[in-house]
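Enquirer: Just to be clear, the model below is a prediction. Sequence and coordinates:
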Amino acid sequence: MKKEPIIMLLIIMSLAISCTHAPAEKQIASSSNLAGTWRLIEYTDFDTATGKATHPYGEHPKGYFTYTKSGIVNLNISAEKPIIVSADSEYIKQFSLGVLLDNACGYFGTYTIDTKNSVVTHHVEGGSVLSYIGTDQPRHFILKEDTLLIGDPEFKIGKRVLIREE
């Protein structure tokens, strides 16, 4: 038997196997309906010790999550009642990082989507949540028409509710 047909067959089989095992479940947002700007209408955490819901940014938080078609994520969250500081003292008054993060937070980076498991992973490059920088932050999501729910799979630890702006 000649070696050329066997080598050619092995190459074709390798290509076929590599194509069928490509990570199709990890795609950038251009292949989903997640791309767009989403307005935050609920930010709920659940205290696992007490079993009660908490709203760290108030009952009516402010903010936007933006997912571009090219795979960029940018999110900003602000409390319902922001810290009031006069313009002449905003650089003089000192606040702890905890106080600032209790009032507002944000981060940016890229993202990928695991469509098979309904998980969006934020690959955080920078922002005010220092422990997130340089990490991957996977989040379960449910998309129903113009409403996006983000949190843990059963929404037992946290839930973010957003509505599509554009």
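Expert: In hand now; what should we look at? Residues are numbered from 1 along each chain as shown.
Enquirer: switch to C-alpha atoms for all contacts and neighbour counts from now on
Expert: OK.
Enquirer: and the residue positioned nearest the centre of the chain, bridged to which residues?
Expert: The residue at the geometric middle of the chain, judged as the C-alpha nearest the mean C-alpha position with CA atoms, centre = their mean, is H122 (4.5 Å). Residues in a beta bridge with H122, per DSSP bridges, are Y111, Q137.
Enquirer: OK, contacts around it?
Expert: Taking CA atoms under 8 Å, 6 or more residues apart in numbering, we find H122 in contact with V73, G109, T110, Y111, T112, D136, Q137, P138, R139.
Enquirer: where exactly do the helices run in the protein?
Expert: Ranges of helices within the chain are 3-20, 97-103, based on DSSP state H.
Enquirer: And the ones you listed, which one averages the lowest pLDDT?
Expert: Confidence, taken as mean pLDDT, is least for helix 3-20 of the helices of the chain (a mean of 40).
Enquirer: if we can go back for a sec, which of the contacts of H122 are buried?
Expert: With neighbours counted using 16 or more other CA atoms under 10 Å, these contain these buried positions: V73, G109, T110, Y111, T112, D136, P138, R139.
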